[in-house]
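Peer 1: Fold the following, please.
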Amino acid sequence: MSTLTNKKILLGVSGGIAAYKSAILARRLIDEGATVRVVMTQGAQAFMQPLTFQALTGNPVHLDLLDPAAEAAMGHIELARWADAILIAPASANTLARLAHGMASDLLSTLCLATDAPIHVAPAMNRLMWSNPATIDNCAILSKRGVSFFGPGSGAQACGEVGSGRMLEPEEIRDQMIAAMNNEPSPTANNGPLAGKQLLITAGPTREAIDPVRYISNHSSGKMGFALAEAARLAGAMVTLVAGPVALQAHSDIKRIDVVSAEQMLKAVMSQVDKADVFISVAAVSDYRLTEVMDQKIKKNSTEMTLTLVRNPDILKSVADLPNRPFVVGFAAETENVEVHARGKLEKKALDMIAANHVGQADNPVFSSDTNALDVYWPADNGHEHIPSATKQSVAHSLLDIIGQQMSARKTT
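Peer 2: Numbering: from 1, shown residues only. Predicted structure coming up:
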């Protein structure tokens with residue numbers, strides 16, 4: 001079994017009641033062979049005494065950016081270079097915001113700017129702070145930069161509320177660090193409704209060739225589908241993303257399958273769907289393709305050109321019709337009568353849920369935008385929930401919360 005023998009871990013402790021768990025975490029990391037040095041923010045010192053960590057680690061605790069004794073030898077640079085990895089647990093909303101925006105106003109944030117070691121964070125905060133669009137956007141920025149997230153978990157919180165935002169238990173974080181530092185698959189970090197689930201997501205447009213030069217397509221950028229894939233990854237799900245031709249990057253933990261045409265997308269989906277617990281069809285699949293694709297470029301020999309088209313396979317319905325299908329979520333991009341058309345598609349294709357948006361509006365371009373708003377419908381009790389306009393990352397987290405709630409509700413009925 002892999003351990004942390006000879007690994008040098010800089011443990012950052014930020015302000016929050018979960019800081020008490022960090023003392024146990026420090027001990028658990030040392031038990032696995034790591035050398036641990038602790039950096040505490042001013043907020044962390046309101047909850048825990050530095051002497052506790054000094055006694056547990058056998059090393060002095062680092063508190064101040066401008067410590068005259070340490071800075072005589074450029075202490076913060078020395079610390080940044082010493083670490084094999086930086087682990088911030090708990091990582092408060094304030095700390096995540098500082099890291100996301102490159103602030104260097106305290107020792108911990110400065111170390112994170114001055115290091116080339118991998119950075120791991122274990123968020124801990126109230127559920128509303130965790131679901132706030134600002135926090136979601138900050139996490140998306142950090143994730144894109146390669147910062148790893150351990151959790152958060154879900155459950156009862158110190159404030160008395162229940163939801164996502166709890167710091168994982170020290171043993172869970174220890175196991176995550178062991179996996180990360182030994183290049184092993186991460187154990188499941190979350191205990192929410194999507195933790196450990198297999199999600200299959202389609203994203204982007206498809207292209208249907210006319211000839212070697214031209215094709216039929218649409219305006220989809222793929223941003224919503226990619227945002228959902230990343231949000232699902234952060235929620236502890238195992239994600240497979242089938243992507244049409246888009247210029248977007250996905251996290252290395254996401255299994256990505258690139259396709260071009262609708263038929264290629266169908267083939268890729270069907271090769272993966274038997275392993276999926278949830279299928280989310282976000283892709284804007286071309287409804288039609290040419291009956292015959294020209295081998296050579298069509299020349300402009302006339303003022304008009306007639307193309308004969310045939311219907312493409314319906315990927316969403318193909319999955320919904322499977323005898324052992326996953327939880328099936330469709331997307332509907334409508335230009336009018338959004339609810340009528342969305343509920344019609346929900347019923348006609350026998351979906352578990354559909355997320356609809358109003359496209360083609362001058363003030364809400366959707367396809368080319370970084371923001372979105374959704375109306376989500378499901379069959380039980382004529383269910384409906386509105387997700388107001390926000391970044392697509394924020395909307396993705398909100399949609400996954402609704403999916404998780406409905407999956408959990410189905411289990412209890």
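Peer 1: next structured bit after the helix or strand of the chain with the lowest mean pLDDT?
Peer 2: Lowest on mean pLDDT, DSSP states H and E among the helices and strands of the chain sits helix 68-71, with a mean of 52. Remark: after helix 68-71, the chain's next helix or strand is helix 75-82, criterion DSSP states H and E.
Peer 1: for that next one, packing partners?
Peer 2: Helices and strands touching helix 75-82, by 3 or more C-beta pairs under 8 Å, 6 or more residues apart in numbering; DSSP states H and E, are strand 8-13, strand 35-40, helix 107-114. For every residue, glycine as well, the C-beta is placed using N, CA and C.
Peer 1: Give the rounded mean pLDDT of that helix.
Peer 2: Mean per-residue pLDDT for helix 75-82: 77.
Peer 1: Which elements pack onto the helix or strand just after it?
Peer 2: Following helix 75-82 in sequence order, the next helix or strand is strand 85-91 (DSSP H and E). Secondary-structure packing of strand 85-91 (3+ C-beta pairs under 8 Å, 6+ apart): strand 8-13, helix 19-31, helix 107-114, strand 119-123, helix 170-181.
Peer 1: can you pull the buried residues of the longest one?
Peer 2: By neighbour count with 16 or more other C-beta atoms under 10 Å, helix 19-31 contains the buried residues 19, 21-23, 25-26, 28-30.
Peer 1: need the next SSE after the strand or helix carrying residue 340, C-terminal direction.
Peer 2: Assessed by DSSP H and E, residue 340 sits inside helix 338-348. Using DSSP H and E, the helix or strand that follows helix 338-348 towards the C-terminus is strand 353-358.
Peer 1: that older thread, mean neighbour count, the helices and strands packed on helix 75-82: which tops it?
Peer 2: strand 8-13 (a mean of 25; mean count of other C-beta atoms under 10 Å).
Peer 1: partner strands of that one, parallel or antiparallel?
Peer 2: With DSSP bridges as the test, strand 8-13 is paired with strand 35-40 (parallel), strand 85-91 (parallel).
Peer 1: Confirm for me that residue 95 is in contact with residue 86.
Peer 2: No - contact between residue 95 and residue 86 fails when scored by C-beta atoms under 8 Å: they sit 11.7 Å apart.
Peer 1: so which two of the buried residues of helix 19-31 are the farthest from each other?
Peer 2: 19 and 30 (17.5 Å; C-beta to C-beta).
Peer 1: returning to that earlier point: going by mean pLDDT, which of the helices and strands packed on strand 85-91 comes out lowest?
Peer 2: Looking at the helices and strands packed on strand 85-91, the bottom one is helix 170-181 with a mean of 86.
Peer 1: tell me which strands and helices that one is in contact with?
Peer 2: helix 19-31, strand 85-91, strand 119-123.
Peer 1: Just give me how far the second one sits from the chain centre.
Peer 2: Computed by C-alpha atoms, centre = their mean, to the nearest Å, the separation of strand 85-91 from the middle of its chain amounts to 19 Å.
Peer 1: Repeat that for the last one.
Peer 2: In terms of C-alpha atoms, centre = their mean, the gap separating the centre of strand 119-123 from the centre of its chain is 14 Å.
Peer 1: Please state the mean pLDDT value computed over whichever helix or strand comes after that strand.
Peer 2: The element immediately downstream of strand 119-123 (helix or strand, assigned by DSSP H and E) is helix 127-131. Helix 127-131 comes out with an average pLDDT of 84.
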